[in-house]
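>>> Model the following, please.
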Amino acid sequence: MTVVKPNLGAHAGRVNNPLSFDEAYAQALANPNRTYHTTGNRTPFVVTATGGEKGKHANERVLRFMSDRRERARAYECCWGYRTNCNCTYIDCYTRAIEG
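From the prediction side, this is the model:
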């Protein structure tokens, strides 16, 4: 069953994440194969810490949320603390699941 959430727009809704962006990025670098589970339906995912490759976020740090070897969402530092990222994709189910 696919859940379709309403489009809230970019950087919508505030979220209180357990870690700061810097802490989450450092943890992803130190533990690249650690499995987390989304806060919604407990879907397993890993976090990949890289740099933006092109576009308006070129050379910025980015956290990529990967499931089944596919990117499901990404968060730049400017997206941290919001329910949605720059692309209007919900990220809170991932960002709130990353704990120390």
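
>>> quick one: the helices in the chain?
Secondary structure of the chain (DSSP state H): helices at 21-30, 92-95.

>>> Out of those helices, which one sits most buried?
Ranked by mean neighbour count, the helices of the chain are led by helix 92-95 with a mean of 25 (mean count of other C-beta atoms under 10 Å). C-beta coordinates here come from the backbone N, C-alpha and C atoms, glycine included.

>>> what's the closest residue to K5 other than its chain neighbours in contact with, if anything?
Counting by C-beta to C-beta, 6 or more residues apart in numbering, K5 lies nearest to Y90, which is 5.8 Å off, once chain neighbours are set aside. Residues near Y90 by C-beta atoms under 8 Å, 6 or more residues apart in numbering: K5, L8, A73, R83, T84.

>>> Which two among those are spaced furthest apart?
Taking every pair in those and measuring C-beta to C-beta, the maximum separation is 13.6 Å, between L8 and A73.

>>> These two: which has the busier surroundings?
Set side by side, L8 and A73 give different neighbour counts by other C-beta atoms under 10 Å, the larger being at A73 (22 against 13).

>>> Surely that one and R83 touch.
No: using C-beta atoms under 8 Å, A73 makes no contact with R83, being 11.3 Å away.

>>> if I look at those two, which residues touch both of them?
Taking C-beta under 8 Å, 6+ apart as the contact rule, A73 and R83 both touch Y90, I91.

>>> just to revisit the earlier point, partner residues bridging the residue nearest to K5?
Following DSSP bridges, Y90 is listed with bridge partners T84.

>>> For it, give its distance to G13.
For Y90, the distance to G13 (C-beta to C-beta, to the nearest Å) stands at 9 Å.

>>> Quick check: neighbours shared by these two?
R83, T84.

>>> picking that back up, what distance do you get for the residue nearest to K5 to F45?
Applying C-beta to C-beta, the value for Y90 to F45 is 13 Å.

>>> now do D68
Using C-beta to C-beta, D68 is found at 9 Å from F45.

>>> What ranges does this structure have for its strands?
36-37, 44-51, 61-67, 70-76 (DSSP state E).

>>> who touches the second one?
Think strand 44-51. Outside strand 44-51, the residues within contact range by C-beta under 8 Å, 6+ apart are 24-25, 27-29, 32-38, 59-67, 72, 94, 97-98.
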